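K.L.:
Show me the folded form of this:
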Amino acid sequence: MTLTTILVYLVMILFGVGVANLYRHLFDMYRFEKTYLKKPDIDVRNVMAEASSNGGLPYFAIMVPAREEVGVIENTIRRLEQFDYPKYSYEILIITDEREVLSNPHENTTTIARIVAQELNDKYHRPFVKVAIVPVAFDGYYPGQINGKDNRSTKGRALNWALR
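P.N.:
The predicted structure follows:
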């Protein structure tokens, strides 16, 4: 084999790889367009129309793990209240940590969340905002147990407590 023949084969191989890569790229673009760019436009009117034909809007709970959020928890709850969704179709659950209450019994996330919760619950005449306190001794697993140990505070641990 001469050098020219080797170069021709090398160019043919590189051309074949380039064409294969081009087809793969075109296929990826086609798949992207079919899956991500064609998603339905969902807004409140669409949801309301769908709900009226299926028996009502879905009910859901927003769970907010909050520890040492004294400065922002009130604003967070009030923003969640402003959702463009019927208030009877969702609830807000603020999950706080007992460790924070024990370290600062006067001004903590739980105290502020309870004050705002009471105000909004009175406003809507139902338990719209609930406050749950994760015990220090909760092991953090679902459904979990109180194990008597001092466990780390994590968002996952708080959410597992709320799911119980």
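K.L.:
Can you show me the strands along this structure?
P.N.:
Ranges of strands within the chain are 60-65, 90-97, 129-134, based on DSSP state E.
K.L.:
Columns mean neighbour count on top of these, output as CSV?
P.N.:
C-betas here are computed from N, CA, C, even on glycine. Converted to CSV, the strands of the chain look like this (neighbours: other CB atoms under 10 Å):
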stretch, mean neighbour count
strand 60-65, 16
strand 90-97, 22
strand 129-134, 21
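K.L.:
Please tell me how far the nearest residue to residue 157 once chain neighbours are set aside sits from residue 68.
P.N.:
Sequence neighbours aside, residue 140 is the residue nearest to residue 157 in space, at 3.6 Å (criterion: CB to CB, 6 or more residues apart in numbering). For residue 140, the distance to residue 68 equals 18 Å [CB to CB, to the nearest Å].
K.L.:
the more surrounded of these two?
P.N.:
Per other CB atoms under 10 Å, whichever of residue 140 and residue 68 has more neighbours is residue 140, with 18 against 15.
K.L.:
which residues make contact with the helix or strand of the chain with the lowest mean pLDDT from outside it?
P.N.:
Ranked by mean pLDDT, DSSP states H and E, the helix or strand of the chain with the weakest confidence is helix 44-54, at a mean of 79. Contact with helix 44-54 is made by 40, 57, 58, 84, 85, as judged by CB atoms under 8 Å, 6 or more residues apart in numbering.
K.L.:
Narrow these to those that are buried.
P.N.:
Buried subset of these (neighbour count, 16 or more other CB atoms under 10 Å): residue 57.
K.L.:
What is the nearest of the contacts of helix 44-54 to residue 28?
P.N.:
Proximity of those to residue 28 (CB to CB) peaks at residue 40, which lies at 22.4 Å.
K.L.:
Please name the nearest non-neighbouring residue to the closest one.
P.N.:
Leaving aside its chain neighbours, residue 40 sits nearest to residue 46 (7.6 Å; criterion: CB to CB, 6+ apart).
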